[in-house]
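*Asks:* test case, fold it:
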Amino acid sequence: MSSAPLKSTAESGNRRDSTSSIGASTYSSEEKPNAGEKFLTELAHIDQPGRELTIVAMSHAESMGLIFPNWVRVCYRRGPMEYHPYDMNMPPKLVPRPPLHYKFDPPLTERGQIVSETYGRGLLNAGIRPFEVFCSPDMKSVQTAAFLIKGLGLSYTTINIDPALLSYRQMLPTNFQEMLLSPKAFFNMGYPINIQYLPSQGFIRAENIEDYNLRIQAFFKKNIAKIEQKQVVVISDNVMVDLTRNEHVETVDDILQCIKKPTCQMNFISLKKGEAQIMDSPILPLTKSLYLVKPFYWTDVPLQLSVPNHPELNQN
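*Replies:* Take a look at the predicted model:
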């Protein structure tokens with residue numbers, strides 16, 4: 001992945017971002033952040049309270065769409081509201097929603113929930129006790145935040161859901177915001193959602209990749225760098241985590257490479273006046289598996305392998 005400064009659309013010529021022309025920039029020339037600045041340099045320029053802030057940028061845990069690509073079609077084969085899991089790594093129950101919504105907004109697997117909770121215990125053991133967890137509004141990110149807080153075991157930690165942390169917009173359906181559960185719906189599921197939180201922005205309809213970089217950068221500058229607490233967690237996808245590591249994402253190929261990385265990536269940032277640095281991880285490593293359990297490209301394998309353990313599709 002390139003770490004060179006972002007180029008404007010005119011300078012990039014035949015750049016590989018085939019969707020970048022769909023939406024115009026969401027920033028005016030006056031308010032647009034400096035795309036050539038490194039992410040951490042921009043954070044260090046922000047006026048901050050007199051404290052050292054530890055930022056934990058984390059990607060969501062393992063989702064159903066990652067492990068069971070055809071799960072919606074198979075689990076709802078008896079009807080649009082009749083969910084029937086066929087593997088113990090699948091949630092035993094799901095909130096009733098149209099299957100199409102789950103296709104584009106999948107929940108965590110059972111393993112994903114356990115790993116999220118385990119990372120919460122790891123943060124607690126490392127002395128990280130955040131008052132707030134910010135996350136993207138997609139279900140896998142909200143659930144990662146909820147089970148992380150469960151592992152932390154802290155009664156005061158709440159989740160702030162913010163559309164500014166959503167994945168690159170052009171990779172999602174046009175009506176994606178209509179598929180998402182509301183903060184109140186997650187609250188009613190028992191998750192510690194701060195339903196009084198006012199998001200920094202609403203849902204955008206289109207953007208180019210440079211705008212996506214700047215959207216994430218602006219969120220951290222406006223919402224994270226200025227908070228008075230000493231610790232905060234931000235959860236979205238692997239692309240967001242890579243951006244906080246000073247890596248520029250310039251093309252769709254770059255985004256796809258980020259997506260292929262393991263789940264639950266973490267980046268720890270120390271932020272104080274005039275200084276922002278990446279820290280060594282204070283938590284122990286977590287060996288998730290000693291072997292691969294699925295092929296790399298699901299489109300290259302037979303249907304029997306793309307829905308592992310399904311009794312009706314794996315009969316000899």
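*Asks:* rest of the way, CA atoms for contacts and neighbours
*Replies:* OK.
*Asks:* so how far is F176 from the most centrally placed residue in the chain?
*Replies:* Geometric centre of the chain, nearest residue: S236, 1.9 Å, by Cα atoms, centre = their mean. Distance, S236 to F176, by Cα to Cα, to the nearest Å: 16 Å.
*Asks:* and if you look at D211?
*Replies:* For D211, the distance to F176 (Cα to Cα) stands at 18 Å.
*Asks:* more neighbours: those two, which one.
*Replies:* More neighbours surround D211 than the other of D211 and F176, with 22 against 15 (other Cα atoms under 10 Å).
*Asks:* ok, I46 - how many residues close by?
*Replies:* By other Cα under 10 Å, 17 other residues sit near I46.
*Asks:* list the contacts for it?
*Replies:* I46 sits next to 221, 225-226, 273-274 when contact means Cα atoms under 8 Å, 6 or more residues apart in numbering.
*Asks:* go through this structure and flag its longest helix.
*Replies:* helix 110-125 (DSSP state H).
*Asks:* packing partners of that one?
*Replies:* helix 139-152 (3 or more Cα pairs under 8 Å, 6 or more residues apart in numbering; DSSP states H and E).
*Asks:* helices or strands next to the helix it packs on in the packing?
*Replies:* Checking 3+ Cα pairs under 8 Å, 6+ apart, helix 139-152 ends up next to helix 110-125, strand 132-135, strand 158-161, strand 231-236.
*Asks:* angle of the first one against helix 139-152?
*Replies:* Going by axes from the mean of the first three to the mean of the last three Cα atoms, to 10 degrees, helix 110-125 is angled at 50 degrees with respect to helix 139-152.
*Asks:* so which bits of helix 110-125 are buried?
*Replies:* Residues 110-124 are the ones in helix 110-125 that count as buried (16 or more other Cα atoms under 10 Å).
*Asks:* now for those: which two are most distant?
*Replies:* Farthest apart among the buried residues of helix 110-125 by Cα to Cα are E110 and L124. That separation is 21.6 Å.
*Asks:* mean confidence score for stretch 98-118?
*Replies:* Averaged across stretch 98-118, pLDDT comes to 97.
*Asks:* also stretch 197-214?
*Replies:* 92.
*Asks:* kindly export that stretch (C-alpha atoms) in PDB.
*Replies:* Output of stretch 197-214 as PDB, limited to C-alpha atoms (Å, rounded to 0.1, in the frame of the first residue of the first chain):
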ATOM      1  CA  TYR A 197     -25.100  11.100  21.600                       C
ATOM      2  CA  LEU A 198     -25.300  13.500  18.600                       C
ATOM      3  CA  PRO A 199     -23.300  12.200  15.600                       C
ATOM      4  CA  SER A 200     -20.700  14.500  14.000                       C
ATOM      5  CA  GLN A 201     -22.400  14.100  10.600                       C
ATOM      6  CA  GLY A 202     -25.300  12.300   8.900                       C
ATOM      7  CA  PHE A 203     -25.100   9.600   6.300                       C
ATOM      8  CA  ILE A 204     -23.500  10.700   3.000                       C
ATOM      9  CA  ARG A 205     -24.700   9.400  -0.300                       C
ATOM     10  CA  ALA A 206     -21.500   9.300  -2.200                       C
ATOM     11  CA  GLU A 207     -17.800  10.200  -1.900                       C
ATOM     12  CA  ASN A 208     -14.500   9.600  -3.500                       C
ATOM     13  CA  ILE A 209     -11.600   7.800  -1.800                       C
ATOM     14  CA  GLU A 210      -9.800  11.100  -0.900                       C
ATOM     15  CA  ASP A 211     -13.000  12.300   0.800                       C
ATOM     16  CA  TYR A 212     -13.100   9.000   2.700                       C
ATOM     17  CA  ASN A 213      -9.600   9.600   4.000                       C
ATOM     18  CA  LEU A 214     -10.500  13.100   5.000                       C
END
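*Asks:* centre of the chain versus it, how much separation?
*Replies:* Its chain's C-alpha centre lies 14 Å from the corresponding centre of stretch 197-214 when counted by Cα atoms, centre = their mean, to the nearest Å.
*Asks:* before we move on, what about stretch 160-168?
*Replies:* What separates the centre of stretch 160-168 from the centre of its chain is 8 Å, taken as Cα atoms, centre = their mean.
*Asks:* next one: stretch 256-265
*Replies:* Distance of stretch 256-265 from its chain centroid, counting by Cα atoms, centre = their mean, is 10 Å.
*Asks:* thinking again about what came up before, need the pLDDT of the residue nearest to the centre of the chain.
*Replies:* Note on S236: pLDDT of 98.
*Asks:* could you do E42 as well?
*Replies:* 89.
*Asks:* picking that back up, quick one: the residue nearest to the centre of the chain from G122, how far?
*Replies:* 19 Å.
*Asks:* what do you get for Q201?
*Replies:* 32 Å.
*Asks:* just F131 next, same as before
*Replies:* 16 Å.
*Asks:* residues touching stretch 98-112, excluding its own?
*Replies:* With Cα under 8 Å, 6+ apart, stretch 98-112 has contacts from 61-65, 72-73, 76, 80-81, 88-91, 138-140, 143-144, 172-173, 176, 179-180.
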